[in-house]
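*Asks:* give me coordinates for this.
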Amino acid sequence: MSCKHAVDPNSLTAWCQSLLDREEIGQYKFYCPALKDDGQVCGQEWPYHEVCKLAVLTREEQLHFEETVAVLAAAEYCEYKSCPGCGTYVERTDLSNLSVRCTLCTAEKGSVYKFCWQCLKPWKQCGPRPDRCDNEGCTNVELDTLRLCPLVNILDTVVKNCPSVRACPTCGKLLEHNQKRCENIICWRCQVELCFACLELTEVCQQKKTHTLVVWSLC
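*Replies:* Residues are numbered from 1 along each chain as shown. This next block holds a predicted model:
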């Protein structure tokens, strides 16, 4: 590979397939899992064209790879959902407005067709709104998840009674802790590392802890 690590074509295919199958974490890039001489994971990204060239892929597997990569990449960089009217993907460009216009449905119906981004029902409201439409039961599922999620203790840390679901302070993506004995996590959408407890970026959180320890020692 371009990182100078050798990999068997069948193993390469299986490794990349396992990454794509983990759609819940948005993994659509391929990184070398080999260990370097210092014991650290290589982690260098393998370009997609390199993977296709060196892996053993059938036509069906290549199509699956390309479709999955496209969907996961779009989920990271765009706000899009399937239109309830025609089933095509529609992007929401105004994140402060739940009213979304489907161009295809509008053309087919001969009149403007809008649906609610939140409940996916035909839009019932005169103007734009960021919270809900007038359809019964329209609610922000993510806010409900944050409000109702249970509390957890993170193993081998001082973090106790912390909400089990947190919203990334950078991109807003909902995140859960993997319970791997560290309060820091990496957001799979924007790739920032943050403290699951205080929601500060890891480096900011650590600086505050260091400052607190210094002040305490001086006292």
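*Asks:* report the rounded mean pLDDT for stretch 114-133.
*Replies:* Here stretch 114-133 scores 88 as its mean pLDDT.
*Asks:* I'd like to know which elements the longest helix seen in the chain is packed against.
*Replies:* The helix that spans the most residues within the chain, counting by DSSP state H, is helix 59-77. Contacts defined by 3 or more CB pairs under 8 Å, 6 or more residues apart in numbering; DSSP states H and E place helix 59-77 against helix 9-21, helix 48-54. Quick note: C-beta positions are derived from backbone N, CA and C, even for glycine.
*Asks:* ok, residues contacting that helix?
*Replies:* Contacting residues not belonging to helix 59-77 are listed as 13, 16-17, 20, 23, 26-28, 48, 51-52, 57, 80, 89, 189 [CB atoms under 8 Å, 6 or more residues apart in numbering].
*Asks:* what comes up buried for it?
*Replies:* Using 16 or more other CB atoms under 10 Å as the burial criterion, the residues of helix 59-77 that qualify are 65, 68, 69, 72.
*Asks:* same question for stretch 98-118.
*Replies:* For stretch 98-118, burial by neighbour count (16+ other CB under 10 Å) applies to 98, 99, 100, 102, 105, 113, 114, 115, 116, 117, 118.
*Asks:* before we move on, what about stretch 46-57?
*Replies:* Neighbour-count burial for stretch 46-57, with 16+ other CB under 10 Å as criterion, is recorded at 46, 51, 54, 55, 57.
*Asks:* distance of residue 157 relative to residue 187?
*Replies:* Counting by CB to CB, to the nearest Å, the separation of residue 157 from residue 187 is 19 Å.
*Asks:* again, but for residue 20
*Replies:* In this structure, residue 20 and residue 187 are separated by 19 Å, where distance is defined by CB to CB.
*Asks:* out of the two, which sits in the busier spot?
*Replies:* Here residue 20 and residue 187 are compared on neighbour count by other CB atoms under 10 Å; more neighbours surround residue 187, at 20 against 17.
*Asks:* ok, now how distant is that one from residue 162?
*Replies:* Relative to residue 162, residue 187 is positioned 16 Å away (CB to CB).
*Asks:* how about residue 7?
*Replies:* If you go by CB to CB, the gap between residue 7 and residue 162 works out to 39 Å.
*Asks:* now do the same for the residue nearest the centre of the chain: helix, strand or coil?
*Replies:* Nearest to the mean C-alpha position of the chain, by CA atoms, centre = their mean, lies residue 189 at 3.8 Å. Under DSSP: H, G, I helix; E, B strand; the rest coil, residue 189 falls in the coil class.
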